[in-house]
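# Predicted coordinates and the sequence they were generated for:
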Amino acid sequence: MSQRCVRARVFGLVQGVGFRYFTQREASRLGLVGRASNLADGSVEVLAAGEAEQVASLLSWLHSGPRTASVERVQLEELAELDRDYDGFFAH
């Protein structure tokens, strides 16, 4: 099984609508590690690592997000590794 690490920036109406917490719930359900954080420009940054198939599932979910959000686009960057070791998936 192959591992995958990504940084995704999610743009649209994604702050103030619970996006980070719904992302945390979905990523945890998929067994991923990482974090979701609000950025100053109004986007949400998602760092995620785990089995490639589960990361792909999270990325697919990010394109729509929770019903409270309105995702305009997702910018994706493949990473060699996360910025630190994570013990679970967290919303900051």
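Received it, and whenever you're ready, just let me know what you need.
# and the helix or strand where V74 lies, what other elements does it pack with?
Assigned by DSSP states H and E, V74 belongs to strand 70-79. Identification of packing neighbours for strand 70-79 by 3 or more CB pairs under 8 Å, 6 or more residues apart in numbering; DSSP states H and E yields strand 3-13, helix 52-62. The way it works is simple: take the backbone N, C-alpha and C, and place the C-beta from them, glycine included.
# Can you say which of the ones you listed is nearest to N38?
Among those, the nearest to N38 by CB to CB is strand 3-13 (10.3 Å).
# following the closest one, which helix or strand shows up next?
From strand 3-13 onward toward the C-terminus, using DSSP H and E, the following helix or strand is helix 19-29.
# Just give me the residue right at the centre of this structure.
The centroid of the chain falls nearest to V46 when counting by CA atoms, centre = their mean (3.4 Å).
# Can you give me the end-to-end span of stretch 73-85?
End-to-end distance for stretch 73-85, by CA to CA, to the nearest Å: 28 Å.
# same thing with stretch 61-75?
14 Å.
# Could you give me the buried positions within it?
Across stretch 61-75, burial judged by 16 or more other CB atoms under 10 Å covers W61, L62, G65, P66, A69, V71, V74.
# now, the most widely separated pair of these?
P66 and V74 (14.3 Å).
# Would you work out how far apart the start and end of stretch 57-67 are?
17 Å.
# Excluding its own residues, what touches it? List them.
6, 8, 10, 14, 17-19, 22-23, 26-27, 30, 32, 46, 48, 71, 74, 76 (CB atoms under 8 Å, 6 or more residues apart in numbering).
# Please apply the same query to stretch 2-21.
Residues from elsewhere that reach stretch 2-21, judged by CB under 8 Å, 6+ apart: 36-39, 42-52, 55-56, 59, 62, 65-66, 68-82, 91-92.
# try it again with 6 Å
For stretch 2-21, the surrounding residues in contact (CB atoms under 6 Å, 6 or more residues apart in numbering) are 36, 38, 42-49, 52, 55, 62, 65, 68-79, 81-82, 91.
# quick one: it to chain centroid distance?
Centre-to-centre, stretch 2-21 and its host chain are 4 Å apart (CA atoms, centre = their mean, to the nearest Å).
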